[in-house]
Structures are given as C-alpha cells and as structure tokens.
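[1] Structure here, sequence nowhere to be found:
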C-alpha cells in the first residue's frame, strides 16, 4: 500500500468516525419542552408570588414566557381558558421535576386561593 492510499484510507476512516460521533451526540440531545397551564383566576395572588415562582422556574432550567395576563383567542374547538401560563423547559424531565419539587408545592396554598388550574401538561418539541 503506497503513501497516498494510506492517507486516503486514514481520511475516510476519520470522516466515518467523526460522522458516527456526531450522530451519537445528536441522539443524546434532549428535546425542548413547554408546559401549558390553563387557568381560571378566582382571586388575587400575593404580590411576591409571581417573582418567587419565576425564580423557582429559572432555578429549575425553565423560562416563564409571562403569558398569564395575555389575551387568549379561540381559533377552533372548545372555548379557550381565560388565562394560559407557558413555560419553556430544557427537557420534559426538567419540567416534571419542577412540578414535583418542593419549591412548586410550597407555593400551592397561595396559588390555590387565587386561581383554579383547569389543566396543566407538558409538550415535547421536535427539532
């Protein structure tokens, strides 16, 4: 085997190994997720509730999209809830961990006095 053949073979092998490694890394990437809370306001939240909840969400790798007082418009289907809370998460696992966390459950008494949760769920987003 001459030198040029060895170089070509080494290059092809390097490309194949690199492609396999890149594919493996992509397979390990977690998909983003969004939690959706459909809410009905029944009272007034304490003034420190939202800042405290947002800090807890950020500490759990979430980003509150600040939609609670935003306009919700029906396009089709059943009437929408009056309020929707959206949070972007790094993964479904992060969202589930947060909603089972002490930080979230400790806020429950304040939340339950001021709003009724119609439904809350997490949606994973494909790339």
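    Arrived safely. On a predicted model such as this, the values are computed, not experimentally measured, just so you know.

[2] before we move on, what SS does residue 53 have?
    Judged by DSSP: H, G, I helix; E, B strand; the rest coil, the three-state class of residue 53 is helix.

[3] same thing with residue 44?
    Recorded secondary structure, residue 44: coil (three-state DSSP).

[4] contacting residues around it?
    For residue 44, the contact set (C-beta atoms under 8 Å, 6 or more residues apart in numbering) comprises residue 114. For glycine as for every other residue, the C-beta is placed from the backbone atoms N, C-alpha and C.

[5] and it, how far is that from residue 61?
    Remark: distance between residue 44 and residue 61 (C-beta to C-beta, to the nearest Å) = 29 Å.

[6] Likewise for residue 72?
    26 Å.

[7] again with residue 75
    According to C-beta to C-beta, residue 75 and residue 61 sit 31 Å apart.

[8] Neighbour count: the two, which is higher?
    residue 61 (15 against 5; other C-beta atoms under 10 Å).

[9] Since that was my last question, I'll sign off now.
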